[in-house]
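S.K.: Based on what follows, work out the 3D shape:
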Amino acid sequence: MNILLVDDDTEFTESLAGELDGFGHRSSIAADGRAALEAIDQDAFDAVVLDRMMPRVDGIALLERLRADARTIPVIMLSALGQSDDKIVGLGAGADDYVVKPIAAAELHARLQAVVRGRQWMRETTDTLRAGDIVVSPTRFRAWRGDEPIDLANLELKLLAEFVRNAGSVLTRQMLIERVWGYDFEPDTNLVDVYVRRLRQKLTAHGGDDPIATMRGVGYMLRG
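M.R.: Alright, predicted model coming up:
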């Protein structure tokens, strides 16, 4: 896997690059967001591991720029800022995962595999999905509710597609973690709840009832 490590702590990134390369990856290093953008323009990376606090262009600004440009490259934010609010900001900016330093290279390797594996659905899914007034086209990376387009980030679209495929059925948080994020373990963050909250806001932005029901203590269900 071709990975870009973005962090102004070069001693840390060089050490991490060496460990990740031991798992068969090919790691490149950028010391700030501006250098990372140049590197991404010049090479085809499979994933980015991104620090949040950096000079010139910080991690959040870089991530927002990538998503605004419709770049769907998987991004894991790796930061010393580990409060719940910090994670919500990072995930809200478009990160596929948020990990607090320090982290073992073996765990980061597993998380990289998971976020990249989670992208396979975009290449493999060719159908248009419908449930009630919600339509999702994974191959076109678009979604609508009624006649209104819904502006969704990549993981939000994947989550909505999973709900639409299973409209009327309850999906547990663990099922969503496995199917949407590709993890075979439950991360120590409220990823699912954060993304469902954001998805609800976008689905009701133009009016209409909230189509996602909370099944207390179990998970969520899209009303069919």
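
S.K.: ok, Asp133 - contacts?
M.R.: With contacts defined as C-beta atoms under 8 Å, 6 or more residues apart in numbering, Asp133 is in contact with 145-146, 208. (Each C-beta comes from the backbone N, C-alpha and C, glycine too.)

S.K.: Highest neighbour count among those residues?
M.R.: Arg145 (21 neighbours; other C-beta atoms under 10 Å).

S.K.: Assess the claim that that one and Asp210 are in contact.
M.R.: No - applying C-beta atoms under 8 Å, one finds Arg145 not in contact with Asp210, separated by 11.4 Å.

S.K.: what touches both of the two?
M.R.: Common contacts of Arg145 and Asp210 (C-beta under 8 Å, 6+ apart): Leu203.

S.K.: For this structure, which residue occupies the most central location?
M.R.: The centroid of the chain falls nearest to Asp96 when counting by C-alpha atoms, centre = their mean (2.1 Å).

S.K.: I'd like the average pLDDT over stretch 78-93.
M.R.: Throughout stretch 78-93, pLDDT has a mean value of 86.

S.K.: Just the CA trace of it, in CSV.
M.R.: This file holds the C-alpha atoms of stretch 78-93, laid out as CSV (Å, rounded to 0.1, in the frame of the first residue of the first chain):
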residue,chain,number,x,y,z
LEU,A,78,-3.5,10.6,13.9
SER,A,79,-3.3,13.3,16.6
ALA,A,80,-2.3,13.9,20.2
LEU,A,81,-5.6,15.7,20.7
GLY,A,82,-7.8,12.9,22.0
GLN,A,83,-10.9,14.6,23.5
SER,A,84,-14.3,13.6,22.2
ASP,A,85,-14.8,17.0,20.7
ASP,A,86,-11.5,16.8,18.9
LYS,A,87,-12.5,13.5,17.3
ILE,A,88,-15.9,14.9,16.2
VAL,A,89,-14.2,17.8,14.5
GLY,A,90,-11.8,15.5,12.7
LEU,A,91,-14.5,13.1,11.6
GLY,A,92,-16.7,16.0,10.7
ALA,A,93,-14.0,17.4,8.4
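
S.K.: who touches that stretch?
M.R.: So stretch 78-93 is contacted by 7, 49-53, 59-60, 63-64, 67, 77, 98-101, 103, 108, 189-191, 194-195, 198 (C-beta under 8 Å, 6+ apart).

S.K.: Just these: which are in helices?
M.R.: Assigned to helices by DSSP state H, the following of the contacts of stretch 78-93 qualify: 59-60, 63-64, 67, 108, 191, 194-195, 198.

S.K.: tell me how far the helix or strand containing Val164 is from the chain's mean position?
M.R.: Taking DSSP states H and E as the definition, one finds Val164 inside helix 154-165. The chain centre lies 12 Å from the centre of helix 154-165; the measure is C-alpha atoms, centre = their mean, to the nearest Å.
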